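**Student:** have a look at this fold, sequence not included:
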């Protein structure tokens, strides 16, 4: 898995202009292959976020094209009841049961 940045950090890197501010987020996409351990990824992001000097924002992008905010996944994993998450694709958005996402059914 190779993450990709977008947002202010990317624009600052590409243009050399000052897009970052003290209130900027670190925007990241984490594309994952089928069978990837998404739970470990999300727990790792949460651990890094605890000590990070800025807010980490972004989405886990599944092999089928669905993208889900990492915080929504983290909250869904921690929920005591069956959870749904907002999943986006290029075609639109929908609510999905976390168990229906690839590689997450065993954790839901």
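**Tutor:** Cool, the structure landed. Predicted, not measured: the structure shown is a model, and the values here were computed from it.

**Student:** check whether residue 42 sits in a helix, strand or coil.
**Tutor:** Here residue 42 takes the helix state, with states given by DSSP: H, G, I helix; E, B strand; the rest coil.

**Student:** so what's it up against?
**Tutor:** Residues near residue 42 by CB atoms under 8 Å, 6 or more residues apart in numbering: 60, 70, 73, 74, 77. Every C-beta, even on glycine, is put in place using the N, C-alpha and C of the backbone.

**Student:** ok, now with 10 Å
**Tutor:** For residue 42, the residues meeting the contact criterion (CB atoms under 10 Å, 6 or more residues apart in numbering) are 30, 60, 68, 70-78, 104, 107.

**Student:** just the residues you listed: which are in strands?
**Tutor:** Judged by DSSP state E, the contacts of residue 42 include 30, 60, 68 as members of strands.

**Student:** of those residues, closest to residue 16?
**Tutor:** For those, the minimum distance to residue 16 (CB to CB) is 26.4 Å, reached by residue 30.

**Student:** who does that closest one bridge with?
**Tutor:** Per DSSP bridges, the residues bridged to residue 30 are residue 60.

**Student:** that one and residue 40 touch, don't they?
**Tutor:** No - applying CB atoms under 10 Å, one finds residue 30 not in contact with residue 40, separated by 11.6 Å.
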